[in-house]
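*Asks:* After the sequence you'll find the predicted model.
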Amino acid sequence: MDIKLLEGFEHYLAIEDDNISKTLAMLADDYPLLLELDNLYNSCLNIALPAESNLMIPAFLHLISHQEFYCGMASFLRLHKTQSFRCLRAALDSTFTAYYLLKNPDKTQIYLDKSGNSSTWDNLFRTIKSTIKNNQYTFPLAVGLPDIYDLCSKFSHADPEGIFHKYFMNKQEKRLYAQYFDFEKNTGDFKKWFAFLLFYFYKVFLIYWHEMLKNKAGKKKKEIESQIREYKVKINDFRRAYPVNSRSYKF
């Protein structure tokens, strides 16, 4: 673990740039997996959706999820794994809401009118993760994702497992230090979290594809579905090579 004491903001930025160069070299031939998922997302950005009010919010949430994919993976390459999990959580939150609204378009106005129906809004959307988790037959594409959301939540709040690993004490100096970057013990550990993040951002993409985009893709549909099948094989092979088990959840 290469711990450097920060000398200011510009030094922090310089370390980030150095981290990107090192992580790209570490990923080597596995880095294109990120670019292929990016291509899947981008291939759908130009799909023309009908001007239906009930599609506007899910379409917007799709763009938010895409933004979080970019922010999350860029953070990971800079060795900010903690931030990557926060981004995945935000993407899942947007996706759960979009998934629910696509299945229940009559609830769109309630979602938009939070101030006027605060109690109804709270019952529907503040507990959206539980709604998705407790209705697996209605939301089959999201099976397992609420548990990943809970894992990511440890890094969105001051949860001990999410923050204490970033601090250490120099007992001789009696000084507490903060670790601003998330170093891994070895290349395998780094790649397993790379596989983990890519897989779940892929699962996010699939919900939007199947529930909103597929039937509007026109001539692009066949090509995109072929890319999805190819990527599924590649990302599952990568996850088998670098698995994340339950013990790995204890950061």
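*Replies:* In hand now; what should we look at?

*Asks:* Which pLDDT value goes with D106?
*Replies:* Per-residue confidence at D106 stands at 91 (pLDDT).

*Asks:* ok, now S118?
*Replies:* At S118 the predicted local distance difference test score is 72.

*Asks:* Give me the neighbour count for it.
*Replies:* S118 has 11 neighbouring residues, counting by other CB atoms under 10 Å. Backbone N, C-alpha and C define where each C-beta goes, glycine included.

*Asks:* Same question for the one 10 residues further on.
*Replies:* Applying other CB under 10 Å, we find 22 other residues in the vicinity of I128.

*Asks:* Share the number of residues neighbouring the closest residue to it other than its chain neighbours, please.
*Replies:* Distance criterion CB to CB, 6 or more residues apart in numbering; nearest residue to I128, sequence neighbours excluded, is F96 at 4.7 Å. Other residues near F96 come to 25 when the count uses other CB under 10 Å.

*Asks:* In which helix or strand does F96 reside?
*Replies:* With elements delineated by DSSP states H and E, F96 resides in helix 81-103, which encompasses its position.

*Asks:* Show me what the helix or strand just after that helix is packed against.
*Replies:* Stepping forward along the backbone from helix 81-103, the first helix or strand reached (DSSP H and E) is helix 108-112. In terms of contacts (3 or more CB pairs under 8 Å, 6 or more residues apart in numbering; DSSP states H and E), helix 108-112 is packed against helix 53-77, helix 81-103, helix 118-121.

*Asks:* which helices and strands does the shortest one pack with?
*Replies:* For helix 118-121, the packing partners by 3+ CB pairs under 8 Å, 6+ apart come out as helix 108-112.

*Asks:* Tell me the buried residues in the helix it packs on?
*Replies:* Counting neighbours by 16 or more other CB atoms under 10 Å, one finds that the buried residues in helix 108-112 are 108, 110-111.

*Asks:* ok, E16 - contacts?
*Replies:* 78-79 (CB atoms under 8 Å, 6 or more residues apart in numbering).

*Asks:* For it, report the pLDDT, please.
*Replies:* The model reports E16 with a pLDDT of 92.

*Asks:* follow-up on the earlier one: give me whichever of the helices and strands packed on helix 108-112 is most buried.
*Replies:* Each of the helices and strands packed on helix 108-112 was scored by mean neighbour count; the highest is helix 81-103, a mean of 23, by mean count of other CB atoms under 10 Å.

*Asks:* quick one: low-confidence ranges for the chain?
*Replies:* Per-residue confidence for the chain (pLDDT under 70) gives these ranges: 1-4, 115-117, 156-171, 173-178, 246-251.

*Asks:* ok, now how distant is the residue nearest the centre of it from K185?
*Replies:* Geometric centre of the chain, nearest residue: L88, 2.3 Å, by CA atoms, centre = their mean. Distance, L88 to K185, by CB to CB, to the nearest Å: 22 Å.

*Asks:* got it, and S118?
*Replies:* Spatial separation of S118 from K185 under the definition CB to CB is 47 Å.

*Asks:* Could you do T138 as well?
*Replies:* With the distance defined as CB to CB, T138 ends up 41 Å from K185.

*Asks:* For the residue nearest to I128, give its distance to F69.
*Replies:* For F96, the distance to F69 equals 16 Å [CB to CB].

*Asks:* For Y12, which non-adjacent residue is closest in space?
*Replies:* For Y12, ignoring the flanking residues on the chain, the nearest one in space by CB to CB, 6+ apart is L6 at 5.6 Å.

*Asks:* Now do the contacts for L55.
*Replies:* When contacts are counted by CB under 8 Å, 6+ apart, L55 touches 49, 212.

*Asks:* hmm, try it at 6 Å
*Replies:* For L55, the contact set (CB atoms under 6 Å, 6 or more residues apart in numbering) comprises L49.
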